[in-house]
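[1] I'd like to go over a predicted model; first the sequence, then the structure.
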Amino acid sequence: DQQVKQNSPSLSVQEGRISILNCDYTNSMFDYFLWYKKYPAEGPTFLISISSIKDKNEDGRFTVFLNKSAKHLSLHIVPSQPGDSAVYFCAAGGNTNAGKSTFGDGTTLTVKP
Amino acid sequence: DAGITQSPRHKVTETGTPVTLRCHQTENHRYMYWYRQDPGHGLRLIHYSYGVKDTDKGEVSDGYSVSRSKTEDFLLTLESATSSQTSVYFCAISEGGIGNQPQHFGDGTRLSIL
């Protein structure tokens, strides 16, 4: 059973508009949630994270929202830029499992100029 | 950028042959991980290490073994490669063992098994 799900394989938005990427999870024991960004032929790079005790974390154009009751988190990118076009992975982890993370399948974001 | 080097970057080999992928880090991080990524799938953990000679299985460990004899090197071995192991393999490192510390990834090894 997949514990972290990204139900939208792809998303296309216009430059300057908001991009919203969604992620659902099933394991209520996760302590942290992270977003990674991946360009073709490169490894994923860390973008932003949020603790399970918070409901929002912001870093520049990127904001992550966490709704624990719904077991749902989202990444907002405002404003979207063509350079944001990449695959975004949602990941979840705990405090007692050697830093292991469980990853979703990813959402491919395309930002059109 | 975190100092992580994966080698080789690309490899084509035949079914039944042994294959070893290397991950080298210069960050002195304790934790190292091997993932595979397949089309339509996220990153799936194969094995991980929490110190020299300390390793454990991930969710897709069958057919793979690992070794870590030095802090900086983590090797992934396919003893007898199969076509189902054709994939892109990523190594990652992490400084701590808690879930909020991000992993830093290498640029991957594209492995094709014919």
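    Yep, it's here.

[2] now chain B, which segments are flagged as low pLDDT?
    For chain B, the stretches with pLDDT under 70 are B:1-2, B:97-99.

[3] name the nearest residue to A:Glu15, ignoring sequence neighbours.
    A:Pro113 (5.2 Å; Cβ to Cβ, 6 or more residues apart in numbering or on different chains). Bear in mind the C-beta positions are built from the backbone N, C-alpha and C, glycine included.

[4] my guess is the one you found contacts A:Pro82. True?
    Yes - counting by Cβ atoms under 8 Å, A:Pro113 does reach A:Pro82; the two are 5.3 Å apart.

[5] list residues touching both of these two?
    Residues within reach of A:Pro113 and of A:Pro82 at once, by Cβ atoms under 8 Å, 6 or more residues apart in numbering or on different chains, are A:Glu15.

[6] burial count for residue 43?
    If you meant another chain, say so; for now it's chain A. Close neighbours of A:Gly43, defined as other Cβ atoms under 10 Å in any protein chain shown, add up to 24.

[7] right idea, wrong chain: chain B
    27.

[8] quick one, what contacts it?
    Contacts for B:Leu43 were tallied using Cβ under 8 Å, 6+ apart; they are A:Pro44, A:Phe89, A:Phe103, B:Tyr35, B:Arg36, B:Gln37, B:Phe90.

[9] which of these lies closest to B:Ser7?
    Taking Cβ to Cβ as the measure, B:Ser7 lies nearest B:Phe90 of the contacts of B:Leu43, at 13.1 Å.

[10] quick check: the closest one vs A:Asn57, distance?
    According to Cβ to Cβ, to the nearest Å, B:Phe90 and A:Asn57 sit 25 Å apart.

[11] quick one: which of these two has more around it?
    B:Phe90 (25 against 15).

[12] I'd guessed that one sits against B:Gln103; true?
    No - assessed by Cβ under 8 Å, B:Phe90 is found out of contact with B:Gln103, at 9.4 Å.

[13] CA atoms of the helix or strand that contains A:Ala92 as PDB?
    Using DSSP states H and E, A:Ala92 sits in strand A:86-93. What follows is strand A:86-93 as a C-alpha-only set of coordinates in PDB (Å, rounded to 0.1, in the frame of the first residue of the first chain):
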ATOM      1  CA  ALA A  86      10.500  20.100 -13.100                       C
ATOM      2  CA  VAL A  87       9.300  17.000 -11.300                       C
ATOM      3  CA  TYR A  88       8.200  17.600  -7.700                       C
ATOM      4  CA  PHE A  89       8.400  14.800  -5.200                       C
ATOM      5  CA  CYS A  90       6.600  14.800  -1.900                       C
ATOM      6  CA  ALA A  91       8.300  12.800   0.900                       C
ATOM      7  CA  ALA A  92       7.500  11.900   4.400                       C
ATOM      8  CA  GLY A  93       9.600  10.700   7.300                       C
END
